[in-house]
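Asks: Kindly return the folded structure for what I paste below:
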Amino acid sequence: MIAKKNMSVMFICTGNICRSPTAEGVFRRLVRDAGLDGTIRVDSAATNGYHVGEPPDERAQRQAMRRGYDLSALRARRIAPRDFAEFDLILAMDRSHLRILQRLCPRENRHKLRLIMEFAPEQGTDEVPDPYYGDADQFEQVLDLLEAAARGLLRTVSAVA
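Replies: Below you'll find the model as predicted:
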């Protein structure tokens, strides 16, 4: 892991309206609750520009709010070239996102690219499934996975932050 005083983490999914803003909201609250909000910067973005400027999906917001995560202020954006230099970790929700990021990312920054579920190996999956075409249960499953991954990520980065 990257040993530095201040750290920045970005979460990536397809449209930045379901999985990655949920990951951002979950991790942001864990960071705040740990008293590290001045030390760890958190953001999210998309691999595609389908929903730029839009808030997270209403279903994602509703399920997140039931667990105390407010996503309402977040707005979708596409990953920008500068993000590869500015962020210490860029965490993809699935292997397809990781492949896109590997193509876009300058070689010198590729070591920053990982799958979010690497931080929760006990979950038995390396991908967060896309709930977009699913129902409330799929959004709940995403929250379960992302909470586990966010806890593992926080343990890792707080040890070096």
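Asks: What segments of the protein are helices?
Replies: 19-33, 58-66, 81-86, 95-104, 136-158 (DSSP state H).
Asks: between those, which one is nearest to V52?
Replies: Among the helices of the chain, the nearest to V52 by Cβ to Cβ is helix 19-33 (12.8 Å). Bear in mind the C-beta positions are built from the backbone N, C-alpha and C, glycine included.
Asks: so where is the protein shaky, pLDDT-wise?
Replies: Applying pLDDT under 70 to the chain flags residues 1-5, 160-161.
Asks: how about Q123, what does it touch?
Replies: Q123 makes contacts with M117, L145, A148, A149, as judged by Cβ atoms under 8 Å, 6 or more residues apart in numbering.
Asks: In this structure P55 contacts L74, no?
Replies: Yes: contact criterion Cβ atoms under 8 Å: P55 and L74 qualify, at 6.5 Å.
Asks: which one of these two has more residues nearby?
Replies: More crowded of P55 and L74, by other Cβ atoms under 10 Å: L74, with 22 against 16.
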